[in-house]
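Asks: got a sequence here, can you build the structure:
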Amino acid sequence: MSTLLQRKTHNLLAELEPVLNEFIQAAAESKGDFHAVERAGDNVFRKARTLIMSAGLTVSSQCADHDFRCPDCAAPLHIWERRERTVQTCEGEARYRAVRSRCPRCLTFHAPLEQANGLANSQFTTMAQALVGSYAAQMPYAPAAAALAERGMNISAKEVDRMARDVAAWRKGEQDAVVSAAFGQTDPERSDEACTLPPLFDWSDWRGVSAMLASVDGAHVRSPERGPDGPEWFEARGAILSAVGREARGKRVYLGGVFSADALFANLSAAWQQSPHKNLPLVFAADGATWIWDRVRMFFPNCIEVLDIYHAGEHLASAAAALWGEGSEQHKQWKRSARDRLLAPGGVRAVLHTLLHGLRSGRPHDAAALRTEFAYLWRHRRRMRYRWLQQRGLPIGSGAMESAIKQTVTARLRGAGMKWTRDGADAILTLRAAHQSGEIPSTALRQHQQRMQVISRYRPAVSQRAA
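Replies: Numbers count the residues shown, from 1 in each chain. A predicted model of the protein is given here:
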């Protein structure tokens, strides 16, 4: 083994020497032009990276145990051929000699190492696929392909699209497994299965958390389909779990996709059940949409419900306009002081009393609009304990969710001229949310570990070999 490694090291250094000489020669010819040195450096780094990765894959393949047996009949596999192969790694293009074996009984061909590394039906390793998915989550496919080319990866925009869907499917599969376990769709005797599955999010550095904030929202995405009134739109939805606490400020995880309302809440609830902070107070803050609060009671029955104070303030201003007239002095004053009124001691009760008195007086500027706004505020009155929440250091708004929707949906799917199918939007939003949560690398690692288990199929137990 040591002789093999020494020889490979010597060969690699010999291959690198002319590349390095080329760089030094270019540096000498630049005569103080550092930009020319940078250009030459970019070129040499690309070449050196390919040589280094090729040598690494070759050594790894040669040092692997190729004592494989047929997974169907347990007969020893015979190496049938070694062929040069070009593949894409997360560090760029590389070449190595791939091994293909054949079963003498079944006459079937096998490539265990290729299967284990995601190369059976692709030229991209598992981690290279994850890198493509990460770039696709951040930018359109053509710019993503160009950016990956800067890393030495040869890929087209169409391949970025296809691979992004594949990586999104990994993440989606994990989410679906956790949801199924959380809601008893697997073995009923394993009620804690959701917590034993790999966590959807890494909570390890969430320190100093005093409470948690949950929120959901939606945004519209343009479809390529056209209706009678022009381009069609469909709704995408997102959710967050955010830490409350001075030390934990900024800690947040995301979910996104073309969910039904029930599926969105199921995913959010399952993620919450996996959280180590699930016994802390949970504040659920959102706007006044009925589809949200009907499901909050079902999925988060013990949470503290909060109507976002900014939405409450907007309805308060609209109520003032309906009571005294748009642009009146009273309307302007209430619009300016809406937040202060809601935060004042007994402020919500005082506001509702004033509006109710205005309705009963029979002289509001727009009685129908006032009744609508009063009904809205009255319906959400128990979600407007803003002073009580603020005194306890708990959130009173859903601004974090509105920001998350902009980052997740608007920033990625609402670019100029963009149109999406539902499946395409769902895949990218799944990736986008995973990327913003920092979870694409861990998802890819779990996928790689799962694929590596294929090796065990080619190494049957001793008793099976003897049979």
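Asks: for the stretch 151-300 of the chain, what are the low-confidence residue spans?
Replies: When residues are selected by pLDDT under 70, those of the stretch 151-300 of the chain lie in 185-196.
Asks: quick one: the strands in it, in order.
Replies: 211-227, 230-244, 252-257, 282-286 (DSSP state E, counting those that start in this stretch).
Asks: now these in CSV, with mean neighbour count?
Replies: C-beta: built from backbone N, CA, C; applies to glycine. Formatted as CSV, the strands of the stretch 151-300 of the chain follow (neighbours: other CB atoms under 10 Å):
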stretch, mean neighbour count
strand 211-227, 19
strand 230-244, 20
strand 252-257, 26
strand 282-286, 23
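Asks: what residues does stretch 23-34 touch?
Replies: Applying CB atoms under 8 Å, 6 or more residues apart in numbering, the contact partners of stretch 23-34 are Ala36, Val37, Ala40, Gly41, Asn43, Val44.
Asks: Ala120 belongs to a strand?
Replies: No. Using DSSP: H, G, I helix; E, B strand; the rest coil, the secondary structure at Ala120 is coil, not a strand.
Asks: nearest to Trp203 among the contacts of stretch 23-34?
Replies: Set against Trp203, the nearest of the contacts of stretch 23-34 by CB to CB is Gly41 (40.6 Å).
Asks: look up the closest residue to that closest one, ignoring the ones flanking it.
Replies: Phe23 (6.7 Å; CB to CB, 6 or more residues apart in numbering).
Asks: three-state assignment of the one you found?
Replies: Here Phe23 takes the helix state, with states given by three-state DSSP.
Asks: got TSV for the strands of the stretch 151-300 of the chain, with distance to Asn117 too?
Replies: Conversion of the strands of the stretch 151-300 of the chain to TSV gives the following (distance: least, CB to CB, whole Å):
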stretch	distance to Asn117
strand 211-227	35
strand 230-244	33
strand 252-257	29
strand 282-286	41
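Asks: nearest to Met163, of those?
Replies: Nearest of these to Met163, taken as CB to CB: strand 252-257 at 18.1 Å.
Asks: hang on, the earlier thing: drop anything exposed from the contacts of stretch 23-34.
Replies: Of the members of those, the ones counted as buried by neighbours, 16 or more other CB atoms under 10 Å, are Val37, Ala40, Val44.
Asks: among these, name the ones in helices.
Replies: Using DSSP state H to define helices, the subset of those located there is Val37, Ala40, Val44.
Asks: quick check: the second one vs Pro441, distance?
Replies: This points to Ala40. Noted for Ala40: a distance of 32 Å to Pro441, by CB to CB, to the nearest Å.
Asks: in space, what's closest to Ile238 - neighbours in sequence excluded?
Replies: For the record, residue 238 is Gly, not Ile. In this structure, Gly238 finds its nearest non-sequential neighbour in Gly256, 4.3 Å apart by CB to CB, 6+ apart.
Asks: verify the contact between the one you found and Leu429 for me.
Replies: Yes. In this structure, Gly256 sits in contact with Leu429. The criterion is CB atoms under 8 Å, and the distance is 3.9 Å.
Asks: give the residues shared as contacts by these two.
Replies: Shared between the contact lists of Gly256 and Leu429 (criterion: CB under 8 Å, 6+ apart) are residues Ala236, Gly238, Thr408, Val409.
Asks: tell me what the first one is bridged to.
Replies: Partner residues in beta bridges with Ala236: Ala219, with DSSP bridges as the criterion.
Asks: list the contacts of it.
Replies: With the criterion set at CB under 8 Å, 6+ apart, Ala236 makes contact with 218-221, 256-259, 409, 413, 425-426, 429.
Asks: got a markdown table for the ones in helices among the buried ones among the contacts of stretch 23-34, with distance to Val160 and pLDDT too?
Replies: Putting these into a markdown table (distance: CB to CB, whole Å; pLDDT from 0 to 100) gives the following:
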| residue | distance to Val160 | pLDDT |
| --- | --- | --- |
| Val37 | 32 | 93 |
| Ala40 | 29 | 92 |
| Val44 | 27 | 91 |
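Asks: quick one: contacts for the residue nearest to Asn117 when sequence neighbours are not counted?
Replies: Closest residue in space to Asn117, ignoring its immediate chain neighbours: Thr125 at 5.4 Å, by CB to CB, 6+ apart. Thr125 makes contacts with Val87, Gln88, Thr89, Cys90, Asn117, Gly118, Leu119, as judged by CB under 8 Å, 6+ apart.
Asks: which of those has the most neighbours?
Replies: Using other CB atoms under 10 Å as the neighbour test, these are led by Gln88, with 26 neighbours.
Asks: now that one, what's its secondary structure?
Replies: Secondary structure state of Gln88, per three-state DSSP, is strand.
Asks: show me how the protein divides into domains.
Replies: Split into domains by automatic domain parsing, the chain comes to 1-63, 65-198+438-467, 199-308+397-436, 310-391.
Asks: count of neighbours near Ile79?
Replies: Neighbours of Ile79 (other CB under 10 Å): 11.
Asks: got a list of what it touches?
Replies: When the contact criterion is CB under 8 Å, 6+ apart, the partners of Ile79 are His66, Val99, Arg100, Ser101.
Asks: which two from those residues end up farthest apart in space?
Replies: Based on CB to CB, the longest span within those runs between His66 and Arg100 and measures 10.8 Å.
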